[in-house]
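*Asks:* please find the sequence and the predicted model below.
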Amino acid sequence: MTPTPTTLLDAALRGVLLALLLVLALVLGRDRPRLPVARAGVLLALGLCVQAIGSTPLFEALVPRGWQAPFVAVSVGNAVLFWVFVQALFDDNFRLRPMHVAAWLAVAALAALNCAVVAGSASVLAPVTLGLQRAVPLVFAVLAAMAAASQWRADLVEGRRRLRAFIVVAGVGYSIGMLAVRLASPQGRLSSLSATADVAMLLLIVAVVAWRMVRLAGSELFPASRAPVAIPAQETVAPVPVAPAEPEPEQAPDPAEDRLAESLRHAMAVEHAYRSEDLSIAGLAARLSVPEYRLRRLINQRLGHRNFNAFVNGLRLAEAMAALADSSKRELPVLTIALTAGFQSIGPFNRAFKAATGLTPTEFRRQKLAGS
């Protein structure tokens, strides 16, 4: 069969896409092998490689359905991997859980069953199982969008905030668009033109994400190895350092930033602004009479914090730990200490405390007050 210009273009685009995905997987796996976002990114990149091969019109037309089933399973399962990747990318505390693996296995098994057995048969289950498979990209695109949009205002990393917007718009738009195209195609198969458009859109999205991730990998995208600078929760503690962890002698000090750093320290250490239940980055910026972006930049770049809620909860936990270790407050209920520090209920306080210390508040108090 003589290749047409569309066929040649499709092959070229798929070749570039495969090369880019493999390079991205190699870079993530080499540079950040232990980070959940790197592992999720590697799996998603490899899954998209399988999808790029399995969605080729010639492959779909000539390869028997039984042999196509693994490719279809991985391709549909990529919707789950995209959701997991987005969660890991925007949540520094993300951990892969059994439910993520179970979701991928369930979706992949459903897609493989539909491809190998149900599709084209007269089974009464066909409309149900095929309908579920077609709903998968939409469901997980919505979940990915919700994960990317959650805590948008609390994200202090400016580059990552822009990446959120692109991933939400491009990823969800691509998923819904290609779902609509497949629903309108005979037996869900793409025509030569729509298959080429599919790989071109996917290549564009992957290229932009890869470019942004490579640019941000060393500074903004991934957590830094150094610990953030802590603002004291109590007035008696020394003021917060204003010098960055890795000072740059050639950079002149910024008096306006120094004043903002001191205002922030005073608001937190003296006025205990973190005790406010509804404290937000916008509310704190208004309280300090500065633009929100300046406060976000100060807390992120100067103090090393990546999420405003985590920054505030760190101050609340510091006050709670000090109270629990104070022998004069041994009769004060844990709930009272949690509410005073700014937590809205005992459940979130207990979870945050256990995550930070490895102990429950009661165990922590018992250890600190032992022998006193």
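*Replies:* Great, that's in hand. Numbering: from 1, shown residues only.
*Asks:* quick one: average pLDDT of the helix or strand where Ala88 lies?
*Replies:* If you go by DSSP states H and E, Ala88 is part of helix 65-90. Across helix 65-90, pLDDT averages out at 91.
*Asks:* ok, stretch 34-46 next?
*Replies:* Computed over stretch 34-46, the average pLDDT equals 89.
*Asks:* in that stretch, what counts as buried?
*Replies:* Neighbour-count burial for stretch 34-46 flags Leu35, Pro36, Val37, Ala38, Arg39, Ala40, Gly41, Val42, Leu43, Leu44, Ala45, Leu46 (criterion: 16 or more other C-beta atoms under 10 Å). Placement of C-beta: from N, CA and C, glycine included.
*Asks:* now swap in stretch 357-372 and tell me
*Replies:* Going by neighbour count (16+ other C-beta under 10 Å), the buried part of stretch 357-372 is Pro361, Phe364, Arg365, Lys368.
*Asks:* if we can go back for a sec, mind picking the one among the buried residues of stretch 34-46 that's closest to Leu339?
*Replies:* Pro36 (32.7 Å; C-beta to C-beta).
*Asks:* work out for me the element Arg297 sits within.
*Replies:* helix 292-297.
*Asks:* list the contacts of that helix.
*Replies:* Helix 292-297 has contacts (C-beta atoms under 8 Å, 6 or more residues apart in numbering) with Leu156, Glu158, Leu260, Leu264, Ile281, Ala282, Leu284, Ala285, Leu288, Phe308.
*Asks:* what is the burial count for the third one?
*Replies:* It stands for Leu260. For Leu260, the count of nearby residues is 22 (other C-beta atoms under 10 Å).
*Asks:* correct me, but it touches Ser289?
*Replies:* No. The pair Leu260 / Ser289 is not scored as a contact, 9.8 Å apart, by C-beta atoms under 8 Å.
*Asks:* of the contacts of helix 292-297, buried ones?
*Replies:* Neighbour-count burial (16+ other C-beta under 10 Å) applied to the contacts of helix 292-297 gives Leu156, Leu260, Leu264, Ile281, Leu284, Ala285, Leu288, Phe308.
*Asks:* residue ranges with poor pLDDT in the stretch 151-300 of the chain?
*Replies:* Residues of the stretch 151-300 of the chain that meet the criterion pLDDT under 70 lie in 186-189, 214-253.
*Asks:* cutoff 80 now
*Replies:* Judged by pLDDT under 80, the stretch 151-300 of the chain has its weakly predicted residues at 151, 159-160, 163-164, 167-168, 171-172, 175-176, 178-192, 209-210, 212-254.
*Asks:* could you pull out the helices for it?
*Replies:* 158-184, 192-216, 255-265, 281-288, 292-297 (DSSP state H, counting those that start in this stretch).
*Asks:* who are the packing partners of whatever helix or strand comes next after the last one?
*Replies:* This means helix 292-297. The helix or strand immediately downstream of helix 292-297 is helix 308-324, counting by DSSP H and E. For helix 308-324, the packing partners by 3 or more C-beta pairs under 8 Å, 6 or more residues apart in numbering; DSSP states H and E come out as helix 334-341, helix 346-357, helix 361-369.
*Asks:* could you dump those helices to JSON lines with distance to Leu9 and mean pLDDT?
*Replies:* Shown next, in JSON lines, are the helices and strands packed on helix 308-324 (distance: least, C-beta to C-beta, whole Å; pLDDT from 0 to 100):
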{"stretch": "helix 334-341", "distance to Leu9": "61", "mean pLDDT": "94"}
{"stretch": "helix 346-357", "distance to Leu9": "51", "mean pLDDT": "92"}
{"stretch": "helix 361-369", "distance to Leu9": "63", "mean pLDDT": "92"}
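*Asks:* Phe140: which of the ones you listed is closest?
*Replies:* In terms of C-beta to C-beta, the element of those nearest to Phe140 is helix 346-357, at 26.0 Å.
*Asks:* and the chain, what are its domains?
*Replies:* Per automatic domain parsing, the domain ranges recorded for the chain read 5-216, 255-369.
*Asks:* any idea how far apart the tips of the shortest one sit?
*Replies:* The separation between the terminal residues of domain 255-369, taken as C-alpha to C-alpha, to the nearest Å, is 43 Å.
*Asks:* picking that back up, just give me the closest of the contacts of helix 292-297 to Ala318.
*Replies:* Nearest member of the contacts of helix 292-297 to Ala318, counting by C-beta to C-beta, is Leu264, at 15.2 Å.
*Asks:* and the closest one, how far from Tyr274?
*Replies:* From Leu264 across to Tyr274, the span is 11 Å (C-beta to C-beta, to the nearest Å).
*Asks:* helices or strands up against the host helix or strand of Ala11?
*Replies:* Using DSSP H and E, Ala11 sits within helix 5-31. In this structure, helix 5-31 packs against helix 36-54, helix 192-216, with contacts taken as 3+ C-beta pairs under 8 Å, 6+ apart.
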